[in-house]
Every structure is written in structure tokens, then in C-alpha cells.
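1. Show me how the following folds:
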Amino acid sequence: MRAAALHSQTSRPPARDYLVLVASESVDRVALIRFGPKGARIEREKYVGWSKMEVAGPHGVAISPDAKEYFVTIAHGTPFGKLVKYDAATDAQLGSVVLGNFPATAQVTPNGALVFVVNFNLHGEMEASDVSVVAAKEMVEIARIRTCTMPHGSRLSSDGSKHYSACMMDETLAEIDANTLTVSRHFFLTKGKEMGMTGAPPERRANQLAAPGHTQGGANGDMSGHGMEPPTPGDISCSPTWAQPSRDGARVWVACNKSSELVEIDTKAWTLVRRIPAGPGVYNLATTHNGARLIATNKRDASVSVFDAVSGKELARIPTTRKVVHGIAVSDDDRYAFISVEGVGSQPGTVDVIDLATLKKVASVDVGQQAGGIDFLRSESAAHAP
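-> Numbers count the residues shown, from 1 in each chain. Got it, this is the predicted structure:
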């Protein structure tokens, strides 16, 4: 009944403006998107590369809790990538630090002191990679924590005490204690073989851990469009691409890209709660601030799913403007979800705006090619908009 009531609502224009940052990996740009009563538009763009002849590949965007700074992971460094800090008001670069191979998802701790960045290692050997921890003020890497192969989709608990990342090639969820900066537990996610264990996962090569039919990639770790490959017959692998703790910290959801399911884990008992059917190639996840909704992008389908976080019921599956759906940012009032869409070939990237009350797409704006990392900056009175 509640879902029906949501669908019956009429979308109304926003009363204020919402600001979102999105990175476009193929053109080395970060765009500031303004969405408000006048619709959605690009307010300004920042070039974050270093040479017009070489793609730097900005992948992740993370905004400080006070919204004064933002951090961008530069994936295609030689030989390693980096994390760069910018002033959110002027786009001036404030510092940078070299990290591991292909830094990807990033998030700032609630107190603003640290930035956690997964080193996805897309182009490296198929071996365990790590999570970098950077002091946000000094821009110094203070720890590099070994986890498992191809860590991705990392998120901190609301209180900042735990960090979760999903390792695509090891079928593993890794939990880091943010106080000791060590791996405290791990969870195997293969269907029918789910198991929670303490300590770090064993350091074994991905081809020793992957389930039958799981794509291994070549010697250089090529994932052939990581997250786009459908499962083969008999494949029971998860190929996890995102880890999202609930707002109260009692649960963590993992997106199983291969099996198109959500794995829900009880963080206290460290046991499987349930597997929830999801959209084709479920990829990235986010929750509303009130904890009521879980939002998922479906990478092998041009759509976004909205789930009731308690029941696990899919309330709506909303078509997106283009294919290869990527990331999610939720507004501070839980009214809107901003969705980055990579596009295909020469198509531009796109940011779609989903009204979380009506569960409908209400706006869209084109950005640079391969739009990926996205984060919510702030909202402000529409009267102050330029």
C-alpha cells in the first residue's frame, strides 16, 4: 500500500537548488551540476588532467563533511594513480598524494580527518590489492591496508568506525576497523557458500578463489568493461561491486553484479540475512539519510532500482536516459537521487535526477563522456542561485 501511495504522488518542482559534483573519466573533467526550480544544468567544469595527450581518468569523487573541499581519485597514473584535493568554492588545487594502482571509490570520514580510497588495480596483476588511508588536511598516506583482489565500491559506516569494500575477483567483502586500520573480518559471498570469518582474507590469486564461470580477465587484469559481463550457465559467483552499510550499522548490503542480487549481512552476528533479487548487473548502492530506502544502479540495464530497506521489496525500477548506469548521490533532505550514467561509445555522460517521493525521473543533464564518480555537495535557497 505504501508503494502505491508513493507512485500516486505528483512530482512538484524543487523549492531550492541542489549542487552535485560528477567526474567524467574519458574527458578528465569534474562538473558542478545545479538542479532547482529552473531545471538541471552544468554550472561549471574543472579540468583535472595533466596533459591533453593523455587521459588521466578521474574515477571517484568525495566531498568533505563541511562541503568546503572535494577529493578526486585519478585512476590512470604512471605507474600509480593519485588522490587530489580541491577547494569546493574555487576549484583551486589544494594538494595531492600518490596512491596505488587505479585508485577508485573514495569517501571522507564523518569527522573529515581521513579519506579512504580503494586501489582497484584494474591494470595490474591478479593479486590482492589494498585500501589507502589519507590524512585529509596534510594529504599524506598514513596506511595502505591489504585486503583482496580488485577492491571496489567502498563505504564507511555512519559513525566512521568501520570501512567496507567489495573485492570483485575474490567474492569477498572486507571490513576494516577504522580505529586500528586493520582488516577485522571478511565475508565470502558466493551463492550457497556464504561464510563470515574474522581477520583478513587469505592472500591467494583470484583464479584460486573465483567460482566456476567467473570471468578472470587477462594477465593485465582487463575486466572488459568491469561490471558489464552477464553470467555464464552454471555460474554461481557474485562478482561484488559495492558495499553499503545501513544507516544504523546493523546491516551491510553487497551488490552482486554477476548474479544480479543484493546480499544482506548482519554486521553483529556476521551472518547472511538474505539474498534479494535485484536488477540486471546491479552495480552501485546508496541509502537515504533516514535509512528507509536503498537505491541501486543496474549496469547491464538502463535503470535504477529503489528498495524498501526493511522488507527488501523493490518499489520501482526507473529507466535512465542512457545505458551503463554508474553511481548515486542522495540529496541532504532525501528528496532526490542523482544518478551518473556513463553512456556508450561517443555518447556524452548523463546525470539523471530521480524524485524519491514519486519514484520518477524528473530531470537530466548531459556531461562529459563516461560519467562515473558522483557526490552531493550541498543544497541552498533558490533565491541565492546565480
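
2. where does the stretch 201-350 of the chain dip in pLDDT?
-> 204-227, 233 (pLDDT under 70).

3. residue ranges of the strands in it, please?
-> Ranges of strands within the stretch 201-350 of the chain are 240-245, 251-256, 261-266, 271-277, 282-287, 293-298, 303-308, 314-319, 325-330, 336-341, 349-355, based on DSSP state E, counting those that start in this stretch.

4. for the first one, packing partners?
-> In this structure, strand 240-245 packs against strand 151-156, strand 162-167, strand 172-177, strand 251-256, strand 282-287, with contacts taken as 3 or more CB pairs under 8 Å, 6 or more residues apart in numbering; DSSP states H and E. C-beta coordinates here come from the backbone N, C-alpha and C atoms, glycine included.

5. now the angle from it to strand 293-298?
-> Using axes from the mean of the first three to the mean of the last three CA atoms, to 10 degrees, the inter-axis angle of strand 240-245 relative to strand 293-298 is 170 degrees.

6. and the closest residue to P230 other than its chain neighbours, how many neighbours?
-> Spatial nearest neighbour of P230, chain neighbours left out: R300 (6.3 Å); criterion: CB to CB, 6 or more residues apart in numbering. Neighbour count for R300, taken as other CB atoms under 10 Å: 21.

7. and if you look at I236?
-> Residues near I236, counting by other CB under 10 Å, number 16.

8. That one and D301: what is the separation?
-> 21 Å (CB to CB, to the nearest Å).

9. Surely I276 and S305 touch.
-> No. Counting by CB atoms under 8 Å, I276 sits too far from S305 to count as a contact (10.1 Å).

10. re the thing from before, tell me the most buried of the helices and strands packed on strand 240-245?
-> strand 162-167 (a mean of 28; mean count of other CB atoms under 10 Å).

11. what residues are up against the residue nearest to P230?
-> 227-228, 230, 260, 280-281 (CB atoms under 8 Å, 6 or more residues apart in numbering).

12. just R322 next, same as before
-> 302, 341-344, 347, 350.

13. same thing but at 10 Å, please
-> Contacts for R322 (CB atoms under 10 Å, 6 or more residues apart in numbering) come out as 302, 341-344, 347-350, 352, 364, 366, 371.

14. Same check on Y164?
-> Neighbour list for Y164: 116, 153-157, 173-176, 185, 187, 242-245, 252-254, 265, 267 [criterion: CB under 10 Å, 6+ apart].

15. Any figure for the gap between the residue nearest to V48 when sequence neighbours are not counted and F80?
-> Leaving aside its sequence neighbours, V48 sits nearest to P58 (CB to CB, 6+ apart; 5.1 Å). As for P58, its distance to F80 is 15 Å (criterion: CB to CB).

16. hey, what's R146 bridged with?
-> R146 has the following beta-bridge partners by DSSP bridges: D130.

17. That one contacts A128, correct?
-> Yes. The pair R146 / A128 is scored as a contact, 5.7 Å apart, by CB atoms under 10 Å.

18. Please report how far the residue nearest to D266 when sequence neighbours are not counted lies from V48.
-> Leaving aside its chain neighbours, D266 sits nearest to V273 (5.2 Å; criterion: CB to CB, 6+ apart). Applying CB to CB, the value for V273 to V48 is 40 Å.

19. Over to A286?
-> From A286 over to V48 (counting by CB to CB), the distance is 23 Å.

20. and what of L173?
-> Distance, L173 to V48, by CB to CB: 30 Å.

21. Likewise for A106?
-> To V48, A106 is 13 Å away according to CB to CB.

22. repeat for P202
-> 37 Å.

23. ok now do the nearest residue to K268 once chain neighbours are set aside, which residues does it touch?
-> The shortest distance from K268 to any non-neighbouring residue, by CB to CB, 6+ apart, is to A250 (6.8 Å). The contact partners of A250, taken as CB under 10 Å, 6+ apart, are 265-269, 273, 291.

24. likewise R41?
-> Going by CB under 10 Å, 6+ apart, R41 touches 31-35, 363, 365.
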